[in-house]
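> need a structure here:
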Amino acid sequence: MAPSNEINIDTTIINRRDLPSNIPLEQATINLNKEKNAKLDNNSLSKGITVVSGYIIRMSGNTCQLYIAWSGTDPIHIWRASNIRVTNLSLLNPYTYLIVNNFYQRTTAAATGTCYVSAINIPTSESRANVYASTLQAYYLSFDWRSALINNGTVVIN
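Next up is the predicted model:
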């Protein structure tokens, strides 16, 4: 059988909460990249690892800002999603603070950074919220669009 000229571009986007908490994020990313590269076959081109999470900053009072934060090995220039939603943690009295449909945002191309999503009103009595993103994708400068998963769970409001 003749060898194939096809190159498979592989990417991995994982949740920050799945990484060990006892080492810096940059070192965890490097370790995962080395482990992943050791498993590649001859027809695969490593795409690196990007860790994605939601990030909420309280500005003052109820006013907060939602960001997508990432750290990886390859520069990302654009983020898009069909729906981004922020809710409270209550199962009995669920409340949605924010829904952003058809999200599309350019950002400074970088392997590590944050991307502004939206302003949001969250009561000062809340210190955490859930952030969900449907069909979230990142545009890598060298490799086109890749699917992403944001930390679908509890986000601490900083």
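> quick one: the helices in this structure?
25-38 (DSSP state H).
> What number of residues are in the vicinity of residue 142?
9 (other Cβ atoms under 10 Å). Placement of C-beta: from N, CA and C, glycine included.
> again with residue 149
12.
> And it, what's its pLDDT?
pLDDT recorded at residue 149 is 75.
> thought it was touching residue 137?
No - the pair residue 149 and residue 137 does not pass the contact test of Cβ atoms under 8 Å, sitting 10.5 Å apart.
> which residue is nearest the middle of the chain?
residue 52 (2.4 Å; Cα atoms, centre = their mean).
> give me the beta-bridge partners of that one?
Legend: beta-bridge partners of residue 52 under DSSP bridges are residue 15, residue 70.
> mind listing what residue 81 touches?
100, 103, 133, 134, 135, 136, 137 (Cβ atoms under 8 Å, 6 or more residues apart in numbering).
> List the ones among those residues that fall in strands.
100, 103, 133, 134, 137 (DSSP state E).
> Kindly state the pLDDT recorded for the residue nearest to the centre of the chain?
86.
> Against residue 121, how distant is it?
24 Å (Cβ to Cβ, to the nearest Å).
> just residue 109 next, same as before
In terms of Cβ to Cβ, residue 109 sits 31 Å off from residue 121.
> Which residue of the two possesses the greater neighbour count?
residue 109 (14 against 10).
> Contact partners for that one?
Per Cβ under 8 Å, 6+ apart, neighbours of residue 109: 75, 76, 77, 141.
> Now render those residues as CSV, adding neighbour count and pLDDT.
Formatted as CSV, the contacts of residue 109 follow (neighbours: other Cβ atoms under 10 Å; pLDDT from 0 to 100):
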residue, neighbour count, pLDDT
75, 18, 91
76, 25, 92
77, 14, 93
141, 13, 86
